[in-house]
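**Student:** Test case, fold it:
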Amino acid sequence: MTHQEVLDAATALRDKLKTTAAQRDHAGRDPVDEIGWLKETDLLGLFIPEEYGGGGATWSQVAEIVAIIAEADSSIAHVLLYHYFGSLAGTRGENGFAGPARAERIAEQRLFHGTVAQAAYPPLILATQTAAGFRLTGSKPFTSGAALADVLLVWTVFDENTTLGARDVSGQLATFHVERSAPGLSFGGDWDNIGQRLTVSGTTTLSGVEVSADDLIGYGYGVAETTAADQLDVLHMYAGFASIFTGIAVGALDEAAAYTRTRSRPWVETGYARSGDDPLVLERFGQLWTQVQSAVALTARANTALDAARAQGADLSWAQRAETVTLINAARLHASDVALAVSSRLFEVTGARSTAAADGLDRFWRNVRTLSLHDPLQRKQVQIGDYVLNGTEPTPGFYS
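**Tutor:** The predicted model follows:
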């Protein structure tokens, strides 16, 4: 597919999602149909390198697709974002075995990828070595998209007495490929939050799930010496969040404008025949539109910076990474603020009738508010200030 064909496919899917977005959000059912629609568009292999049968898209191209989908349904954009960078696991030089074959399979069969992560804090899934490979046991909350997946990437910690290549790797972090159909894999169905309702972000439990040694994707995270280029995963996630927030802001403003044109009543004291003739309404739309454009511009700049960092490969310096992650965090913070403002203040121009539950305009605010709490953004603001004022480079990790 050409990039224009990809954009056309994403736009068509956005329009399809938009027609039922409020109703689907209200119902809160697992988006099985929506994932099927994603598969039909042939977008799932977009970010996988061409040598593995994928589209070989740049990060900016992928982020643009995520933002377009987020205009209509930020839950689907969220799990699509996780699919994109998670589907690359093992294809970028990790010391595991399953990556390239896995990527080829995802691209060829249009499989949907999910992740069981939160490797930054315990308890982790325990990987116990067996004669045939490993047995995975434990559970994790907030596993967005996992229950929808065809294949899973599971973060674990090696149990005591684990050896690989005659080396003791006990206690090290590791990632495994797990099939959705694996015995012992179950999902709690316990996601019932105010926003991002269709991300299916509930608990995943592995009860003695058996995997082979060939399902090991990588290990030694945080132990083996790394380069700046090895520490880009979190940048994809946060740049992707900025794209989702920006998409929500665009979608919320577009829907508010459509409502105002067709359904809003002018305030009785103004004397105007149309709400759209009221200078106060026009002023507010002008203000909100300007804010949205600032988010669009800064998010695009951040995504371009990530493209540049990826292109550096092994030559990427830690200083360049620090500059890139700071810009990405700034874009994420700003897009979040803009999306919160637009999704809240849109009611000032659409009017009291627009608060009807059937119209579902509140979903934009609920989705932004929920996703913006993924980790404390005020801490990112401090991190940015420390970098700007003191030159302190953010310490690479699962959240920075």
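
**Student:** tell me the domain ranges of the protein?
**Tutor:** Following automatic domain parsing, one finds the domains of the chain at 3-109, 113-221, 228-390.

**Student:** For the host helix or strand of Ile65, enumerate the helices and strands it packs against.
**Tutor:** Ile65 is part of helix 59-72, with elements assigned from DSSP states H and E. Using 3 or more Cβ pairs under 8 Å, 6 or more residues apart in numbering; DSSP states H and E, the elements in contact with helix 59-72 are helix 3-19, helix 74-86, helix 233-262, helix 279-312. Where you see a C-beta, it was placed from the backbone N, CA and C, and this is true even at glycine.

**Student:** what comes up buried for the third one?
**Tutor:** Neighbour-count burial for helix 233-262 flags 233-253, 255-257, 259-260 (criterion: 16 or more other Cβ atoms under 10 Å).

**Student:** Same check on the last one?
**Tutor:** Buried positions in helix 279-312, judged by neighbour count with 16+ other Cβ under 10 Å: 281, 284-285, 288, 291-292, 295-296, 298-300, 302-307, 309-310.

**Student:** Next secondary structure element downstream of that helix?
**Tutor:** Next along the chain after helix 279-312, with elements defined by DSSP H and E, is helix 318-350.

**Student:** can you check the second one too?
**Tutor:** Reading on from helix 74-86 to the C-terminus, the next helix or strand found by DSSP H and E is helix 99-109.

**Student:** so where's this protein uncertain?
**Tutor:** 93-97 (pLDDT under 70).

**Student:** contacting residues for Met357?
**Tutor:** To be clear, residue 357 is Ala; Met isn't right here. His26 (Cβ atoms under 8 Å, 6 or more residues apart in numbering).

**Student:** any idea what the residue of the chain most remote from its centre is structurally, helix, strand or coil?
**Tutor:** For the chain, the residue at maximal distance from the C-alpha centroid (Cα atoms, centre = their mean) is Gly271, at 46.2 Å. What DSSP: H, G, I helix; E, B strand; the rest coil gives for Gly271 is coil.

**Student:** And it, how far from Asp278?
**Tutor:** From Gly271 across to Asp278, the span is 9 Å (Cβ to Cβ, to the nearest Å).

**Student:** And for Ala77?
**Tutor:** 33 Å.

**Student:** between those two, who's got more neighbours?
**Tutor:** Ala77 (30 against 18; other Cβ atoms under 10 Å).

**Student:** do you know how far that one is from Ile65?
**Tutor:** From Ala77 to Ile65 the distance is 9 Å (Cβ to Cβ).

**Student:** quick check: angle from the helix holding Ile65 to helix 233-262?
**Tutor:** 40 degrees (axes from the mean of the first three to the mean of the last three Cα atoms, to 10 degrees).

**Student:** What angle do helix 279-312 and helix 59-72 make with each other?
**Tutor:** Using the same axes, to 10 degrees: helix 59-72 against helix 279-312 is 150 degrees.
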